[in-house]
Structures are given as structure tokens and as C-alpha cells.
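Visitor: I would like the atomic coordinates for the input below:
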Amino acid sequence: QVQLIESGGGLVQAGASLRLSCLHSGHTLSSAMGWFRQASGKEREFVGAINWSTGSTLYGNSVKGRFTVSKDNAKNTVYLQMNSLKPDDTAVYYCVAGTTGVSARPNWYEYWGQGTQVTVSS
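Guide: Numbers count the residues shown, from 1 in each chain. Coordinates of the predicted model:
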């Protein structure tokens, strides 16, 4: 069984930076990990993902150039570095892991974390 434990959310002002972390535990190997987000009253949105072996990444259009997904294989941890945050980035951020590679499709990922709240004030 896989567990994904997120940390790092909080309240920041517009323009600030924040880094989320997601620890992957369990015996099942995941080929990709990433992040989705869901703002109140809106649909779930793909943020970014990384291939665990190659390090190749994929990003959602709304965060390209501002957010970076990275990994630390030794720590079984994936990170989401968020820069130049905007109020529109306010959402619950979910860590995901899957065994079939990187995708922007939510149903590509078998495992989901509990989510961590990020709030950006104007």
C-alpha cells in the first residue's frame, strides 16, 4: 500500500514563494509523482508531475514558468516549488503517484494524498 504525506501548505501574500513536499511510503514503486489542485467551487486542475526514473516533467499551462516539480530519490520525496504566487493559486493541493508514467489526467494516478491548503492573499 502506498501512502502520500504532504506538508508545506499555508497562508502567504501574493508574490511570495512556498514549497510543498510529499513523502511517498510503501512497497509499491511509482513511476511518476505529481500535483493537482482544487479551488473551492472549481474543478480539479493538473499542476505538474515528474517521471521518477528520468526526471522529465510536465506542467499545467497556468503554472508554467512559476512552479517547479522536483524529486529526491533517496528521500522518496517530491517537491512543488511555487514562486510568484497569485490569489488564483489558492486551492487544496494534492500529491499523486502512479505506476503508468506522467500524465495530466487525474485518473492516471492510483494514489492520492489528503491534500494541503495553500492560501494566497492579495
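
Visitor: name the nearest residue to residue 5, sequence neighbours excluded.
Guide: Nearest in space to residue 5, with sequence neighbours left out and distances taken as C-beta to C-beta, 6 or more residues apart in numbering, is residue 23 at 4.5 Å. Glycine gets a C-beta too; all of them are placed from N, C-alpha and C.

Visitor: just residue 44 next, same as before
Guide: Counting by C-beta to C-beta, 6+ apart, residue 44 lies nearest to residue 38, which is 4.6 Å off, once chain neighbours are set aside.

Visitor: is residue 122 in contact with residue 14, as I believe?
Guide: Yes: applying C-beta atoms under 8 Å, one finds residue 122 in contact with residue 14, separated by 5.3 Å.

Visitor: now for those two: what residues contact both?
Guide: Both residue 122 and residue 14 are contacted by residue 87, under the criterion C-beta atoms under 8 Å, 6 or more residues apart in numbering.

Visitor: what pLDDT is listed against residue 120?
Guide: The model reports residue 120 with a pLDDT of 98.

Visitor: need the contact list for it.
Guide: Under the criterion of C-beta under 8 Å, 6+ apart, the contact partners of residue 120 comprise 11-14, 16, 85-90.

Visitor: swap in residue 85?
Guide: Contact partners of residue 85, counting by C-beta under 8 Å, 6+ apart, are 12, 14-18, 66, 118, 120.

Visitor: okay, and the residue nearest to the spatial centre of the chain sits in which element?
Guide: Nearest to the mean C-alpha position of the chain, counting by C-alpha atoms, centre = their mean, stands residue 35 at 2.3 Å. With secondary structure defined by DSSP states H and E, residue 35 is part of strand 32-38.

Visitor: would you mind pulling the contact partners of the next helix or strand after that strand?
Guide: Counting by DSSP H and E, the element after strand 32-38 in chain order, helix or strand, is strand 45-51. Counting contacts by C-beta under 8 Å, 6+ apart, the residues outside strand 45-51 that touch it are 31-39, 56-60, 62-63, 67-71, 78, 80, 91, 93, 96, 101-106.
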